[in-house]
Every structure is written in structure tokens, then in C-alpha cells.
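Colleague: Model the structure of this input:
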Amino acid sequence: MAEAMRCTELHNMAKAFALQNFPEVGGQEEILGVCKDDLVSYLSNDSLNTKAEELVYQTVIKWIKREPGTRVQHSGEHRAP
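Modeller: Here you go, the predicted structure:
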């Protein structure tokens, strides 16, 4: 919402909070509604705080299952290291 309202500082603070608190944020319903590019940007961020890669995997699987008809096509995509 902060991004849509062009509140850059609030958007940056919210993103930093979400990255730092990924175990809690990753379990929330709201993350399942983000677009693919935002999800990839978020999960590939070096500041993502998670001790278990399985949590990242589970978040991606839940995201795909939310709208499988349009999202499963992205499951084979990957980013270059």
C-alpha cells in the first residue's frame, strides 16, 4: 500500500521489517497475493532473514497453489546467481 501511495520511506521500512521477520511474514496470507516479480525480489534479497531454506520453499509452493492456473508456469523459472 505504501508503494501505491508513493510513500517511499514507509515502503522501505515495511520491506526491511518484512525481510527481518520473514518467518512470521512468510506465514501470512498477504504474501500469497503479491505478483511474481515482487515475490522473487523479496525472496532473493540478501537481507532475507531465515535459518531454514525450507521456509522459503514452502512459501513459494503456497504462492503457486494460491493461483495454480496462472502461477505454475513460473515454477521452472530461475535467476542466474
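
Colleague: So H74 sits against K36, correct?
Modeller: Yes: counting by Cβ atoms under 8 Å, H74 does reach K36; the two are 5.3 Å apart. The C-beta positions use only the backbone N, C-alpha and C, and glycine is treated the same way.

Colleague: contacting residues around T50?
Modeller: Contacts for T50 (Cβ atoms under 8 Å, 6 or more residues apart in numbering) come out as F22, P23, G26, V56.

Colleague: rerun at 6 Å
Modeller: With contact taken as Cβ atoms under 6 Å, 6 or more residues apart in numbering, T50 is in contact with F22.

Colleague: next one: phi and psi at it?
Modeller: phi -150, psi 140 (degrees, to the nearest 10).

Colleague: For burial, what's the neighbour tally of Y42?
Modeller: 20 (other Cβ atoms under 10 Å).

Colleague: low pLDDT regions in this protein?
Modeller: For the chain, residues meeting the criterion pLDDT under 70 lie at 1-6, 76-81.

Colleague: most centrally placed residue in it?
Modeller: Central residue of the chain (Cα atoms, centre = their mean): L39, 3.4 Å from the mean position.

Colleague: At which residues are the strands of the chain located?
Modeller: Under the criterion DSSP state E, the chain carries no strands.

Colleague: show me what contacts the closest residue to N45 other than its chain neighbours?
Modeller: Of all residues not flanking N45 in the chain, L19 sits nearest, at 5.7 Å (Cβ to Cβ, 6 or more residues apart in numbering). Counting by Cβ under 6 Å, 6+ apart, L19 touches N45, S47, L48.

Colleague: okay, now T8: neighbour count?
Modeller: Neighbours of T8 (other Cβ under 10 Å): 10.

Colleague: Could you report the neighbour count for A14?
Modeller: 15.

Colleague: Now for the residue nearest to the centre of the chain: which residues touch it?
Modeller: Per Cβ under 6 Å, 6+ apart, neighbours of L39: W63.

Colleague: do the same with the one 10 residues further on
Modeller: N49 sits next to Q20, F22 when contact means Cβ under 6 Å, 6+ apart.
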